[in-house]
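In: Got a sequence here, can you build the structure:
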Amino acid sequence: MNVFDGGDGRHLRLTNGGTAVFVDVLMLAVSALAHEPWDFRFAALLTLQDQNVMGRGVVGFGLAELDWGDTPHEQAAAKDFLLRVLDLALSRHRWEELTYEPPRAEGYLRSYRAMVEEFDPATARTGMGVLPGPQEAAMASCVRHRVLDALPFWEACVFCTAGAPAPLEAQWLAAPSPEGAIDGGA
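Out: Numbering: from 1, shown residues only. You can find the predicted model right below:
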């Protein structure tokens, strides 16, 4: 089991398959919303939950282990970002591009959102080293899947390491026309 700890005895325990789904739908959302340095650091943390690279049953993190920022303003901004990511994921943002139907994802997201909502970042134990540093932030994008990838850790996104094909739209646009030229959809 992979555990995502919310503090105060609350946690989200996920099977390996459940963890993969949870990370996939979060990566779609975090990639759309990341703008600030903390956002890209959190995206890097999500890439480190990729069981195809890190191993099965050994991922997860606790909210209290994250560096939420030094000031109450920074902490509030980081928490707000994570809540917005969860809300966007709950809206099923880009789920039509997944190669599977994630029937339990909404429940995972709702449970985790409740934990984040109740968590006070001021109680976090800073210096745990769980949240990647600014130099390790996920700043590069996977062109094929249009999500942030795991650079500088490895050259692939969570969808590439799982062997996921490019979204259908990208496949259609890249398909050769009968004359052998690339059809741009015109």
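In: hey, let's count contacts and neighbours off CA atoms from now on
Out: Fine.
In: Distance from the chain centre to stretch 6-14, please.
Out: 18 Å (C-alpha atoms, centre = their mean, to the nearest Å).
In: buried set for that stretch?
Out: In terms of neighbour count (16 or more other C-alpha atoms under 10 Å), stretch 6-14 has its buried residues at 6-7, 11-12, 14.
In: what two of those residues are the furthest from one another?
Out: Maximum pairwise distance in the buried residues of stretch 6-14, criterion C-alpha to C-alpha, is 16.2 Å, between Gly7 and Leu14.
In: hmm, back to that, show me the buried residues of stretch 6-14 that map onto strands.
Out: 6-7, 11-12, 14 (DSSP state E).
In: what pLDDT does Lys79 get?
Out: pLDDT, Lys79: 98.
In: can you check Ala137 too?
Out: Confidence score, pLDDT, at Ala137: 80.
In: Can you pull the phi and psi angles for it?
Out: Ala137 adopts backbone torsions of phi -60, psi 150, taken as degrees, to the nearest 10.
In: Next: Asn2.
Out: According to degrees, to the nearest 10, Asn2 has phi -110, psi 140.
In: any chance of the buried residues of stretch 6-14 in JSON lines, plus pLDDT and distance to Leu28?
Out: Listed next are those as JSON lines, based on pLDDT from 0 to 100; distance: C-alpha to C-alpha, whole Å:
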{"residue": "Gly6", "pLDDT": "93", "distance to Leu28": "22"}
{"residue": "Gly7", "pLDDT": "85", "distance to Leu28": "25"}
{"residue": "His11", "pLDDT": "94", "distance to Leu28": "22"}
{"residue": "Leu12", "pLDDT": "95", "distance to Leu28": "20"}
{"residue": "Leu14", "pLDDT": "94", "distance to Leu28": "19"}
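In: I'd like to know which of the ones in strands among the buried residues of stretch 6-14 is nearest to Glu36.
Out: The closest of those, once distances to Glu36 are taken by C-alpha to C-alpha, is Gly6, at 23.0 Å.
In: The closest one and Arg110, how far apart?
Out: 13 Å (C-alpha to C-alpha, to the nearest Å).
In: My reading is that Val3 is in a strand; is that accurate?
Out: Yes. According to DSSP: H, G, I helix; E, B strand; the rest coil, Val3 belongs to a strand.
In: residues in contact with it?
Out: 11-14, 59-62 (C-alpha atoms under 8 Å, 6 or more residues apart in numbering).
In: In JSON lines: those residues, plus distance to Thr99.
Out: Putting those into JSON lines (distance: C-alpha to C-alpha, whole Å) gives the following:
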{"residue": "His11", "distance to Thr99": "28"}
{"residue": "Leu12", "distance to Thr99": "24"}
{"residue": "Arg13", "distance to Thr99": "23"}
{"residue": "Leu14", "distance to Thr99": "20"}
{"residue": "Val59", "distance to Thr99": "23"}
{"residue": "Gly60", "distance to Thr99": "23"}
{"residue": "Phe61", "distance to Thr99": "26"}
{"residue": "Gly62", "distance to Thr99": "29"}
